[in-house]
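Student: requesting a structural model of the entry that follows:
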Amino acid sequence: MITDPNCSHCKELMSNLEELAFEAKLFLEMIIYPVLGTKSRDMSAHAICNDYSYEDYQGMTGENAMAICEKADELIKKTNDLFKLAQISFVPLVVASDGSWVVEGNDICKVRTHLGLETQGDETGSGKGCAAQENQ
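Tutor: Numbering: from 1, shown residues only. Okay, the predicted model is just below:
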């Protein structure tokens, strides 16, 4: 999952992916991509500097003091450069580990379909995402 810590659509998808991963016995990996401005970048750096777990990351609000470290600066720069080259300017994205499929937005039903799992009637992913905001 490619995510921004300040993206509400990402947080919604994370809960659904966690349940799906448990059900399907899958391993989740997160790539932090702070596209929503300065607060997102600060929250991303804080999560990286403190080696946040999936659960810690989910609970982030950005209300506490944020830690900044060289490791985070380097990783965020590399991630931003890569995704700019790939012309990716929004989150969330869910990508298969082999790159064979991508789901844009928080549509958990599409993720389930790609995994060959039946969708549940109560899952209503909106498919919405968070786009980059210039100069924040």
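Student: strands of this structure, start to end?
Tutor: Listed in chain order, the strands of the chain (DSSP state E) span residues 2-3, 31-32, 90-91, 93-95, 102-104, 130-131.
Student: who's in contact with the nearest residue to residue 29 once chain neighbours are set aside?
Tutor: What sits nearest to residue 29 in space, not counting adjacent residues and going by Cβ to Cβ, 6 or more residues apart in numbering, is residue 1, at 7.3 Å. C-betas here are computed from N, CA, C, even on glycine. Counting by Cβ atoms under 8 Å, 6 or more residues apart in numbering, residue 1 touches 10, 13, 14, 17, 28, 29, 30, 31, 92, 93, 94, 95.
Student: again, only using 7 Å
Tutor: Taking Cβ atoms under 7 Å, 6 or more residues apart in numbering as the contact definition, residue 1 lies against 13, 17, 28, 30, 92, 94.
Student: re the thing from before, mind checking which of the strands of the chain is nearest residue 54?
Tutor: Proximity to residue 54, assessed across those by Cβ to Cβ, is greatest for strand 2-3 (10.3 Å).
Student: list the contacts of the closest one.
Tutor: For strand 2-3, the external contacting residues (Cβ under 7 Å, 6+ apart) are 10, 14, 30, 31, 32, 33, 91, 92, 93, 95.
Student: most neighbours among the residues you listed, which one?
Tutor: When neighbours are counted as other Cβ atoms under 10 Å, the busiest of the contacts of strand 2-3 turns out to be residue 91, with 30 neighbours.
Student: any idea how far residue 23 is from that one?
Tutor: Distance of residue 91 to residue 23, computed by Cβ to Cβ, to the nearest Å: 23 Å.
Student: can you check residue 5 too?
Tutor: Here the distance between residue 5 and residue 23 works out to 25 Å (Cβ to Cβ).
Student: could you do residue 51 as well?
Tutor: Taken as Cβ to Cβ, the span from residue 51 to residue 23 is 27 Å.
Student: neighbour count for those two, which is higher?
Tutor: residue 23 (12 against 8).
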